[in-house]
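Colleague: Here is my input; please provide its structure:
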Amino acid sequence: MQLIRDVLNLNPILTVALLAWFVAQVLKTLINFILLGKFQLERMWGDGGMPSAHSATVCAMVIATARSEGFGSAIFAVAAVVAIITMHDAMGVRRETGEQAKVLNKMIEQWIDVTEKNAPFLQNMHLKEMVG
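Modeller: Sure thing, here's the model as predicted:
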C-alpha cells in the first residue's frame, strides 16, 4: 500500500489519469444501474459503454502533462499523439460495433421469420445441417 501511495505522490500525471479512469468507470456503473435497475459490478472493470474510460484516461493524461510540463514539451507531444490515436480508435470501434449490431439485428429478424414458417421442418434438422 505504501508503494502505491509513493507512486501516486511522485507522479501527479499518473494519479490524474488513474483518477479519471476510476471516475469514468464509476459513472458507467451508475448509469448502467439507473438504466437497467440492477447493480452489475462487472461494469466497473469491463470495457465498452459510455463514458469511455480509455478516452477519459488519455484526456486527463494530456491535460495533466500540459499543466506539468507545458505545451511545448516533448512529453506533451507524445501524450497528445497517444490520446488522439486512442480516441480515434475508440470512435471507430464504436461506429463499427453499431453497424454490426444493425446487421445482426436484421439477421435475427430474418431468422425468426424463417423459423416460424419452417418450424416443423427445422425441428428434425440437426445444428450442423442448419449451419451448413
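
Colleague: residues making contact with the helix or strand hosting T65?
Modeller: Taking DSSP states H and E as the definition, T65 sits inside helix 53-69. Helix 53-69 is contacted from outside by 12-13, 16-21, 23-25, 28, 47, 73, 75-76, 79-80, 82-83, 86-87, 90, using CB atoms under 8 Å, 6 or more residues apart in numbering. All C-beta spots, glycine's among them, are computed from the backbone N, C-alpha and C.

Colleague: which ones among these are found in helices?
Modeller: Filtering these for membership in helices, criterion DSSP state H, returns 12-13, 16-21, 23-25, 28, 75-76, 79-80, 82-83, 86-87, 90.

Colleague: Go ahead and build a PyMOL selection from the buried members of those.
Modeller: Listed next is the PyMOL selection for buried residues among those, using 16 or more other CB atoms under 10 Å:
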select buried, resi 13+16+17+18+20+21+24+25+28+76+79+80+83+86+90
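
Colleague: SS state for Q40?
Modeller: Under the three-state scheme (DSSP: H, G, I helix; E, B strand; the rest coil), Q40 adopts coil.

Colleague: So it versus T57, what's the distance?
Modeller: Distance of Q40 to T57, given as CB to CB, to the nearest Å: 21 Å.

Colleague: Please, which helix or strand holds L3?
Modeller: Per DSSP H and E: L3 is located in helix 2-10.
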